[in-house]
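Colleague: can you look at this prediction? I've put the sequence above it.
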Amino acid sequence: MKTFPIILIAALTAVSGMAQVPKSQMFVYQGFGSNYGTSFGHTGGGAEAAVWKGITAGADVGAIYPFRAMAEVFGVLNVNGSYHFLAGRKGKWDPFVTGGYSLFFRQGVANGANYGGGVVYWVKPRMGIRAEFRNQQYSVNERGFPEFRIGVAFH
């Protein structure tokens, strides 16, 4: 019987600690940007899972396409870590930074990186508006694909 109070305290501690973890979310987005004078769009979606105290792990996949030549569409897969500054706090605003690996693909593949940040404004408890800046780079010497994304997030 002495183990029951220990198990009860451990369970209550674990439940109270869960408030520190951000909620996992799925999202869809439409991005707009410019690369060396060429305007492009970026349509995609992804998800991120809560890991620990504001840290999440996630991935998103989408298609980047120049507005002038839709035949030049290519895909990009991002695998990222993110940090949510206000994780576990009540409120409608959820600012974050993100960065990680990018895989560009079309007829071949190219490795790269991405970084950015933004905010989710939770309109309803399970639905929010996600706005972010993201830069996709496939080479250190290139400017990459800087873009502004707007989308919808769901818990």
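Modeller: Structure's in. What do you need? What you see is a predicted model, and the numbers here were worked out from it, not measured in a lab. Residues are numbered from 1 along each chain as shown.

Colleague: tell me which stretches of the protein form helices.
Modeller: 3-17 (DSSP state H).

Colleague: who's in contact with the spatially closest residue to Y29 that is not a sequence neighbour?
Modeller: Nearest non-adjacent residue to Y29, counting by C-beta to C-beta, 6 or more residues apart in numbering: G151, 3.1 Å away. (C-beta placed from N, C-alpha, C; glycine too.) Applying C-beta atoms under 8 Å, 6 or more residues apart in numbering, we find G151 in contact with 27-30, 45, 129-131.

Colleague: who does G151 bridge with?
Modeller: Y29, R130 (DSSP bridges).

Colleague: so what pLDDT did it get?
Modeller: Listed pLDDT for G151 reads 98.

Colleague: any idea how far it is from G31?
Modeller: For G151, the distance to G31 (C-beta to C-beta, to the nearest Å) stands at 8 Å.

Colleague: tell me the contacts of G44?
Modeller: By C-beta under 8 Å, 6+ apart, the neighbours of G44 are 28-29, 31, 60-63, 76.

Colleague: next one: the residue nearest to it when sequence neighbours are not counted from N78, what distance?
Modeller: Among residues not flanking G44 along the chain, G62 sits closest, at 2.1 Å (C-beta to C-beta, 6+ apart). In this structure, G62 and N78 are 8 Å apart, going by C-beta to C-beta.
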